[in-house]
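In: output the structure for:
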Amino acid sequence: MKKAILLLMSVQFFVYLGFGIIIPILPEVILDQGYSEVHVGGLLTIYALASFFTAPLWGSLSDRTGRKKLILIGLFGFSMSFLIFALFIEQLPMLYVSRIVGGIFSGALYTAVTGFVADMTTEEERNKYMGLLGMSIGLGFIFGPAIGGLLGGITLQLPFFASALLVLALMVYAGLILKEPTSRGEARKRAIVPKGANKLWQNRIRYLFLFSFMVTFLLAGLEATFQLFQIDKISITPLQLGYLFMASGLVDAIIQGGVVRRVKNGQETKWIMAAQVVTAIGLVLLLFTGSLLWAGFALSVFTAGNALARTVLVSLTTKESGGMYGTAAGMTYSMDNMGRIIGPLLFTWIFTVQPDHVYVLSAILALASITLILLFRKSNKSLKNKNPASS
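Out: Numbers count the residues shown, from 1 in each chain. Sure, this is the predicted structure:
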């Protein structure tokens with residue numbers, strides 16, 4: 001199991017490394033070519049759109065055909081997205097193609113990896129291993145912007161060539177090391193039909209899907225407005241921004257790799273509600289930014305709450321899925337991507353109208369979202385104790 005877990009951690013790391021690499025590169029690529037700034041948002045949104053429309057299909061396919069096959073397919077496609085970006089960096093239509101390809105295959109990787117871990121772990125140990133995967137995500141966010149900034153200083157294409165080669169190497173290694181889980185619950189019996197997702201939405205797990213949207217919605221809104229807000233407050237530079245995201249990524253990794261592993265089975269909802277309170281505090285602290293140190297502190301508080309809620313939520317969702325791990329993961333990923341589609345557009349618009357109000361609204365929404373967890377706890381319509389084979 002140890003080799004498999006390390007490999008799956010590597011997959012998650014490279015997926016989010018790829019997301020982080022583009023943060024310091026994309027604006028420069030667009031502006032250097034004389035394109036409108038709107039394409040920066042467009043290229044971020046198209047990635048989320050591609051994931052949104054394909055993740056449920058990948059989740060069902062993962063349940064039907066197996067996790068390993070989808071991981072290999074996902075790694076190959078994700079590698080190609082980097083290669084396309086590097087080769088056609090001066091051609092805007094091909095940059096959109098690259099982001100679409102990346103979004104499609106990142107969905108395959110997310111659902112297959114989450115389903116793989118759910119298959120080979122018990123409920124008691126799932127928090128621990130989901131925490132390790134979450135730590136890998138945090139590390140991807142730490143090294144992504146740093147690598148993008150460092151290698152991008154040589155040539156803008158270099159970070160993407162390097163990522164493409166590393167992901168291809170990981171694909172070869174995965175093909176040699178990974179073995180398909182022998183126990184996959186309902187995965188062996190269910191065909192790919194829409195009623196799988198409908199069944200989930202008829203039970204209390206639907207509140208977790210909606211909460212997942214809110215967590216990512218708030219995160220995406222912060223990512224879209226943080227740099228603009230800090231330019232107004234402290235005239236932040238791109239290099240300083242990279243340092244702050246590295247620091248917050250480290251907090252993300254510590255929370256998910258350390259704290260989440262200590263969450264006991266049955267205590268998830270309490271931790272999630274506490275995490276949203278911490279998230280709201282971080283958002284309010286941003287309003288009082290007067291220095292780079294304070295901006296980093298506020299961002300780290302927000303990240304701690306968001307990271308804790310996000311990872312504990314993934315573990316709780318798999319436990320509530322009644323064995324439909326792949327479909328549940330696909331639905332969660334789709335809700336996440338809906339947040340990434342709507343969040344940047346809405347919060348950027350609010351920022352242009354009234355900058356300070358964007359974080360006041362975000363804090364209110366963070367606290368209001370706790371209602372979804374209370375509704376989840378109150379409901380008795382759970383798939384958790386039902387026999388997957390008969391569902």
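
In: and G66, how many neighbours does it have?
Out: By other CB atoms under 10 Å, 20 other residues sit near G66. C-beta coordinates here come from the backbone N, C-alpha and C atoms, glycine included.

In: that one contacts E180, correct?
Out: Yes: applying CB atoms under 8 Å as the test, G66 and E180 come out as touching, 5.0 Å apart.

In: quick one: which helix or strand includes the closest residue to F211 other than its chain neighbours?
Out: In this structure, F211 finds its nearest non-sequential neighbour in L372, 4.5 Å apart by CB to CB, 6 or more residues apart in numbering. Per DSSP states H and E: L372 is located in helix 370-378.

In: can you tell me what sits against that helix?
Out: Here helix 370-378 makes contact (CB atoms under 8 Å, 6 or more residues apart in numbering) with R204, Y207, L208, L210, F211, M214, T269, I272, M273, Q276, V277.

In: M331 against P56, yeah?
Out: Yes: the criterion here is CB under 8 Å, and M331 meets it with P56 at 6.1 Å.

In: same drill for those two, tell me which one is more crowded.
Out: Shown here are M331 and P56; by other CB under 10 Å, M331 has more neighbours (26 against 22).

In: does the more buried one belong to a helix or a strand, and which?
Out: Element membership of M331, judged by DSSP H and E, is helix 325-353.

In: helices and strands around that helix, which ones?
Out: helix 38-65, helix 92-119, helix 195-201, helix 205-234, helix 292-319, helix 357-368 (3 or more CB pairs under 8 Å, 6 or more residues apart in numbering; DSSP states H and E).

In: and those helices, which one's lowest on average pLDDT?
Out: Mean pLDDT per stretch puts helix 195-201 lowest among the helices and strands packed on helix 325-353, at a mean of 63.

In: count the residues that sit near the residue nearest to F211.
Out: By the measure other CB under 10 Å, the count of residues near L372 is 21.

In: against T269, how distant is it?
Out: According to CB to CB, to the nearest Å, L372 stands 10 Å off from T269.

In: dump the contacts of helix 370-378 into a markdown table; add distance to F76 and neighbour count as well.
Out: Shown next, in a markdown table, are those (distance: CB to CB, whole Å; neighbours: other CB atoms under 10 Å):
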| residue | distance to F76 | neighbour count |
| --- | --- | --- |
| R204 | 37 | 18 |
| Y207 | 36 | 19 |
| L208 | 31 | 28 |
| L210 | 33 | 14 |
| F211 | 33 | 25 |
| M214 | 33 | 20 |
| T269 | 38 | 17 |
| I272 | 35 | 26 |
| M273 | 40 | 18 |
| Q276 | 37 | 26 |
| V277 | 42 | 14 |
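
In: out of those, which is nearest to L139?
Out: I272 (22.7 Å; CB to CB).

In: just checking, what packs against whatever helix or strand that closest one lives in?
Out: If you go by DSSP H and E, I272 is part of helix 268-286. For helix 268-286, the packing partners by 3+ CB pairs under 8 Å, 6+ apart come out as helix 205-234, helix 292-319, helix 357-368, helix 370-378.

In: out of those helices, flag the one nearest S10.
Out: Among the helices and strands packed on helix 268-286, the nearest to S10 by CB to CB is helix 292-319 (17.5 Å).

In: how about the closest one: buried residues?
Out: Neighbour-count burial for helix 292-319 flags 292, 295-319 (criterion: 16 or more other CB atoms under 10 Å).

In: out of the helices and strands packed on helix 268-286, flag the one nearest A4.
Out: Nearest to A4 among the helices and strands packed on helix 268-286 is helix 292-319 (16.6 Å), distances taken as CB to CB.

In: cool, thanks, signing off.
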